[in-house]
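Chemist: starting from these lines, generate the structure:
(one chain, ligands or ions: 1)
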Amino acid sequence: MSLRHFLRSAYLIGVYFTLTIAPLFVMLTDPTPPGRGFWRECSIGLGFVGLSMMGLQFFLTGRFQRLTSPYGIDVVYHFHRNISLIAFLFIFLHAVILFISSPETLILLNPVISPWWMIVGVAGLLAFAIVIVTSLYRLKFGLCYEHWRLIHGYISVVAVALSVAHIIGVGYYVEGYLKRGLWITMITAWLLALVYVRVMKPIIMLRRPYTIEKVKRERGNSWTLTLRPEGHKGMNFRPGQFAWLTIGKSPFSIREHPFSFSSSAMKTDSMQVTVKELGDFTSRIGEVAPGTRTYIEGPYGTFTVDRHVAPGYIFITGGVGITPVISILRTMADRNDRRPVLLFYSNKTWEGMTFREDLDELEKQLNLRVVYIITGDAPEGWQGERGRINAEMIARHLPADRMRYKYFICGPDPMQKAIKNELGNLGLSLENVESESFNFV
Ligand SMILES: Cc1cc2nc3c(=O)[nH]c(=O)nc-3n(C[C@H](O)[C@H](O)[C@H](O)COP(=O)(O)OP(=O)(O)OC[C@H]3O[C@@H](n4cnc5c(N)ncnc54)[C@H](O)[C@@H]3O)c2cc1C
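Modeler: Numbers count the residues shown, from 1 in each chain. Got it, this is the predicted structure:
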């Protein structure tokens, strides 16, 4: 990581934690009101910090490039997922500690006599619980991605709104200029983030449409879509990056999917993505008609040689994980980049090796060697590698000065994990290893 990136990351983390605990500082500006002991104050503090963390999720999930670029969006989503659990725990403990330390407050749980702010507080807690449980157990509940996303988005907003109503109704630590000012500022910032993501961003995308010019079948049940910008210059991206595509729908719709660019980053007047038939949406990608309007949000991602400059590169990919790598190789060819590159490319079958012929061409243009690995049935007379990639197989092909290279892995999550272990077994530092997951959720 460069010093600039390090300082930027540290700065953003500092801002995040300051905003998270800001309500505590404001609480401390006044003496504790009489009759409220430590545990009650602790409970209120936990509730405030938990809510502040939940509100900040609107920034974490808003895909703001300035906020995500130092870390990579996958890391930000991972953080969002884990920090939500901590935030929920704080909010839950707020209620539990309050009821244990002041058992007389338990009577407020009776909805008949309970004040409105208590009812909305409990409803907010339940709403957060629904968001957390449906996220952790989406697949177990059989929730498809789109339905989950809808539930997740709307219920999160409702949960935060109910919790804000709760603290206003309770009225502790929200009186006075400083406290009121802080809460108004924080809530306004959350609302602005929401409006920007749900309204402004789609409007910006509406003004920068793309048209699908060509849909080409590739080996391995994959399709390459060529996209041409309509009335604008297109998007500058770095080789290896990805974007969210909304194909044939309005940018206000939630039907968007992340795909890596597979074309050269040097050609932005027309760009390509290559999609493998896998699920509900992708299995029908070959039916998309040329002329279909598409919206692109991006680019995102840190899986790019432009960010990790090195004397040479080793790529280890499996299946459709080849897409960001082909973009990197095509870009290197357009840039006449002669740095040495070794590509391990594993696939079930030889026939299904997407971009096989393109890689043959690139081997002629670049200082590139491709090691094909077949994990399923190999064709007769196959002399190449077979089976799962392991340390021995990698070591057989690595150059002597392998420590100087930067390593990039893209493939199914279990494969990535296994390869990182194998690279560790070869004595390579994971600091030199970048990976891209095609599964954020
Ligand atoms: C950074 C990144 C780059 C990717 N690049 C490529 C690529 O170049 N080529 C390619 O073929 N695939 C790529 N993918 C994977 C691709 O986005 C999914 O295969 C596709 O969205 C699955 O949609 P589906 O409806 O066909 O599958 P489903 O069977 O409905 O979903 C399968 C799984 O994919 C995930 N998923 C579904 N929809 C979305 C969504 N809108 N956003 C995020 N995750 C979702 C969910 O975990 C879901 O359980 C990439 C994914 C990521 C995160």
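
Chemist: look up phi and psi at the residue in the chain positioned nearest to the ligand.
Modeler: The nearest approach of the chain to the ligand comes at Gly279, 2.0 Å away (Cβ to the nearest ligand atom). C-beta coordinates here come from the backbone N, C-alpha and C atoms, glycine included. Dihedral angles of Gly279 (phi, psi; degrees, to the nearest 10) stand at phi -130, psi -160.

Chemist: find me the pLDDT at it, would you?
Modeler: pLDDT, Gly279: 87.

Chemist: got the domain ranges for this protein?
Modeler: Listed by automatic domain parsing, the domain ranges of the chain are 3-205, 210-300, 313-436.

Chemist: ranking those domains by mean pLDDT, which is last?
Modeler: domain 3-205 (a mean of 91).

Chemist: what's the end-to-end length of that one?
Modeler: Start-to-end span of domain 3-205 (Cα to Cα, to the nearest Å) is 33 Å.

Chemist: can you give me the offset of it from its chain's centre?
Modeler: For domain 3-205, the gap between its own C-alpha mean and the chain's C-alpha mean amounts to 20 Å (Cα atoms, centre = their mean, to the nearest Å).

Chemist: can you tell me if it touches the ligand.
Modeler: Yes: among the residues of domain 3-205, 144-145 lie within reach of the ligand under Cβ under 6 Å from any ligand atom.

Chemist: adding mean neighbour count, write the domains of the chain out as JSON lines.
Modeler: Shown next, in JSON lines, are the domains of the chain (neighbours: other Cβ atoms under 10 Å):
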{"stretch": "domain 3-205", "mean neighbour count": "16"}
{"stretch": "domain 210-300", "mean neighbour count": "18"}
{"stretch": "domain 313-436", "mean neighbour count": "18"}
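
Chemist: so which of those domains is nearest Arg307?
Modeler: domain 210-300 (7.0 Å; Cβ to Cβ).

Chemist: and the closest one, end to end?
Modeler: OK, domain 210-300 end separation, Cα to Cα: 18 Å.

Chemist: can you redo the domains of the chain as CSV with distance to Asp306?
Modeler: Shown next, in CSV, are these (distance: least, Cβ to Cβ, whole Å):
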stretch, distance to Asp306
domain 3-205, 12
domain 210-300, 4
domain 313-436, 8
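
Chemist: I figured Tyr306 was touching Phe237, is that so?
Modeler: For residue 306 the amino acid is Asp, not Tyr. No: if you go by Cβ atoms under 8 Å, Asp306 and Phe237 don't touch, sitting 9.7 Å apart.

Chemist: helices and strands around the helix or strand containing Met393, which ones?
Modeler: Met393 is located in helix 391-397, with elements delineated by DSSP states H and E. On a contact count with 3 or more Cβ pairs under 8 Å, 6 or more residues apart in numbering; DSSP states H and E, helix 391-397 meets strand 341-347, strand 368-374, helix 413-425.

Chemist: make a markdown table out of these and add distance to Gly62.
Modeler: Shown next, in a markdown table, are the helices and strands packed on helix 391-397 (distance: least, Cβ to Cβ, whole Å):
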| stretch | distance to Gly62 |
| --- | --- |
| strand 341-347 | 35 |
| strand 368-374 | 38 |
| helix 413-425 | 25 |
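
Chemist: distance to the ligand for the ones you listed - can I get that in JSON lines?
Modeler: Listed next are the helices and strands packed on helix 391-397 as JSON lines, based on distance: least, Cβ to the nearest ligand atom, whole Å:
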{"stretch": "strand 341-347", "distance to the ligand": "14"}
{"stretch": "strand 368-374", "distance to the ligand": "19"}
{"stretch": "helix 413-425", "distance to the ligand": "11"}
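
Chemist: which of the ones you listed sits closest to Ala189?
Modeler: Short answer: helix 413-425, nearest of those by Cβ to Cβ, at 34.2 Å.

Chemist: run the chain-centre distance for the closest one.
Modeler: For helix 413-425, the distance to the chain centre is 21 Å (Cα atoms, centre = their mean).

Chemist: okay, the angle between it and strand 341-347?
Modeler: Using axes from the mean of the first three to the mean of the last three Cα atoms, to 10 degrees, the direction of helix 413-425 lies 140 degrees away from that of strand 341-347.

Chemist: could you name the helices and strands sitting against helix 413-425?
Modeler: Judged by 3+ Cβ pairs under 8 Å, 6+ apart, helix 413-425 is in contact with helix 391-397, strand 406-410, strand 433-436.

Chemist: rebuild those as a markdown table, extending it with distance to Leu150.
Modeler: Formatted as a markdown table, the helices and strands packed on helix 413-425 follow (distance: least, Cβ to Cβ, whole Å):
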| stretch | distance to Leu150 |
| --- | --- |
| helix 391-397 | 43 |
| strand 406-410 | 29 |
| strand 433-436 | 27 |
